[in-house]
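*Asks:* Structure of the sequence below:
(2 chains)
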Amino acid sequence: MEFLEALADPAIPFLRYAFGAGILASLSFGIIGTYVVARRITYIAGAIAHCVLGGIGAGLYCQHKLGITWFGPLSGAIVAALLAAIIIGLVSLHANQREDTAIGALWAIGMAIGLLFIAKTPGYVEPMSYLFGNILLISKYDLWMVLVLDALVVGTATLFYHKFLAVCFDEEYARLRGVRTDLYYLLLLCLTALTVVLLVRVVGIVMVIALLTLPAAVASNFAKGLWQMMVLATLFCIGFIGSGLAISYNFDLPSGPTIIVIAGLVYLGTTGLRQFSSRKS
Amino acid sequence: MSAASTQETAVRIRDLDFAYNGTPILENVTLDIMARDSLCIVGPNGGGKTTLLKLILGLLKPNRGEIEVLGLPPEKSRLRIGYVPQYARYDPQFPVTVLDVVLMGRLDRIFCGAYAKADHEAAQAALTEMGLADLAGRLFAEISGGQRQRVLIARALAAEGELLILDEPTANIDAASEEQLFKLLTKLNERLTVMLVTHDVGFASKFFKSIVCVNRQVVLHPTSELTGELIRNMYGGDIRMIRHDHRCSPEGHCTHGIS
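*Replies:* From the prediction side, this is the model:
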């Protein structure tokens, strides 16, 4: 097994870091992805993910142009993701009509701001790495960051499981049971934002949303209940990232797209099979 | 004094106006609903039935007038209301079990973490009362429409409120389920005030003690006064023409209750 040897190889630590980050982040992706799919807010999660580029651009600009060393692309990404989650969340709660148009506008503005910052950052910055992922960028420091964010997301999502379930399933009823649904909805979007940031380095901004929703969507074909769907989605996510990294290493392919193609094919395959079998029976 | 006058009022509305984006939906509503009454809210589509319900639940605020539910403002009393929305509005693919839906009736009792043993017992008891104990582990999406309806009633019962409010429960269910639903409601009415919105007036006389006609104006009639003429007028013409109810006079006082 070439890939397993490579994982142990001290000369290529980034592969180990990417693998570790992938396994850890799968927990958040399985749990939050399930909420996003069940609540049907993939579009909102997509907008948050794309706004992250604005933060990455601002981080790069601060670091290289202004010399603020402690505020880099990752800090920028976290701030931008949370900000986008709150703004988009408020828009989706309070916009009476054309919610999708407003969210589409924020989606594009977030990306555009990022590209403007990157254009004005001295030295050559390759936006492709951030848009489509580049595991060579992952450091040991990132792994710690993933661990901390992961703990935060998984902890909050587990602690308030029943609140989130009720808010996603039946917001009006949850409100009538005394739950501050707007607050929990915004909290859920903030957790989605943090989750998206976890794997931006591995699969990139454009494709991270697929990794958030596809494992949950595959899991929904088999799961009986939300809790089961989360466990299954986490396992599928680990499977997609693990096999994607292995294949990309063995065949010298970019890792992000490899992971997404595997996830997409499994999703289409299982959903197709399910359609076929339910039509037969 | 008659027994009715010593009864407590479940819902008390005075001189209420509600407009949506400048369009008046409800005007000058004065209404008293007695505890342990069973009443049916009828009226044409767009007449304001759902709006009246949402005002009672505190989901909407009146532009004018006051509303009291169980002696308190609606936002404060809503935890004592068992609300049953239309089951058809749920995402049919949402992965949630029957037990989890019923437990939502106890959501106000936990802040975080798991439900307590008492919550599980209340949910099980409500499921048993609705004849659904065997379905607890099933997916909400997998069961029939009539069963989903009863799951939502079980959820409302698990909340242990005093007032049960059902929004169009007779829509999209078959005749047998409907029959069963009204048997259940009759039983529940022994301990709860029951309010139900429907566009199907035929039921009103079978089960309900009172009928509330909503068409911008709101008028309450004891079911015994329900006649063919009343039903005809309910869906057209000026609702005030058929006002022969003594409980809600224009001055807003209750002279006597219903038998």
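*Asks:* buried sites along stretch A:32-45?
*Replies:* A:32-39, A:41-45 (16 or more other C-beta atoms under 10 Å in any protein chain shown). No exception for glycine: its C-beta is placed from N, CA and C like everyone else's.
*Asks:* Quickly name whichever of those is closest to chain B.
*Replies:* A:Ala38 (5.7 Å; C-beta to the nearest C-beta).
*Asks:* Check the buried residues of stretch A:32-45 and tell me the two furthest apart.
*Replies:* Maximum pairwise distance in those, criterion C-beta to C-beta, is 16.6 Å, between A:Thr34 and A:Tyr43.
*Asks:* all helices of the stretch 1-150 of chain B, in order?
*Replies:* B:3-6, B:49-57, B:74-77, B:98-103, B:117-129, B:145-158 (DSSP state H, counting those that start in this stretch).
*Asks:* for chain A, same thing?
*Replies:* Using DSSP state H, the helices of chain A run over residues A:2-8, A:13-39, A:42-64, A:73-94, A:99-120, A:127-132, A:140-159, A:161-169, A:171-176, A:181-198, A:200-203, A:205-220, A:226-250, A:255-280.
*Asks:* any idea which of the ones you listed is most buried?
*Replies:* Greatest average neighbour count among the helices of chain A goes to helix A:200-203 (a mean of 28), per mean count of other C-beta atoms under 10 Å in any protein chain shown.
*Asks:* Check the offset of that one from the chain's centre.
*Replies:* 9 Å (C-alpha atoms, centre = their mean, to the nearest Å).
*Asks:* and the stretch 1-150 of chain B, which of its residues are near chain A?
*Replies:* B:57, B:59, B:78-79, B:81, B:83, B:85, B:90-91, B:93-97, B:100-101, B:103-105, B:107-108, B:110, B:112-115, B:137, B:139 (C-beta under 8 Å from any C-beta of the partner chain).
*Asks:* Which of these fall within strands?
*Replies:* B:Ile81, B:Tyr83 (DSSP state E).
*Asks:* Buried subset of the residues of the stretch 1-150 of chain B next to chain A, written for PyMOL?
*Replies:* Per 16+ other C-beta under 10 Å, the buried members of the residues of the stretch 1-150 of chain B next to chain A correspond to this PyMOL selection:
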select buried, chain B and resi 57+59+78+81+83+85+90+94+95+96+97+100+101+103+104+105+107+115+139
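*Asks:* Just give the closest residue to the residue nearest in space to the middle of chain A, not the sequence neighbours.
*Replies:* Residue closest to the average C-alpha location in chain A (C-alpha atoms, centre = their mean): A:Val196, at 2.6 Å. Take A:Val196 and drop its neighbours on the chain: the residue closest to it by C-beta to C-beta, 6 or more residues apart in numbering or on different chains is A:Ala49, 4.6 Å away.
*Asks:* is it true that that neighbour touches A:Val203?
*Replies:* No - using C-beta atoms under 8 Å, A:Ala49 makes no contact with A:Val203, being 10.3 Å away.
*Asks:* what residue is smack in the middle of chain B?
*Replies:* Judging by C-alpha atoms, centre = their mean, chain B has its centre closest to B:Ile165, at 2.3 Å.
*Asks:* Wasn't it part of a strand?
*Replies:* Yes - assessed by DSSP: H, G, I helix; E, B strand; the rest coil, B:Ile165 belongs to a strand.
*Asks:* list the contacts for it?
*Replies:* B:Leu53, B:Ile56, B:Leu57, B:Ile81, B:Gly82, B:Tyr83, B:Val84, B:Met195, B:Leu196 (C-beta atoms under 8 Å, 6 or more residues apart in numbering or on different chains).
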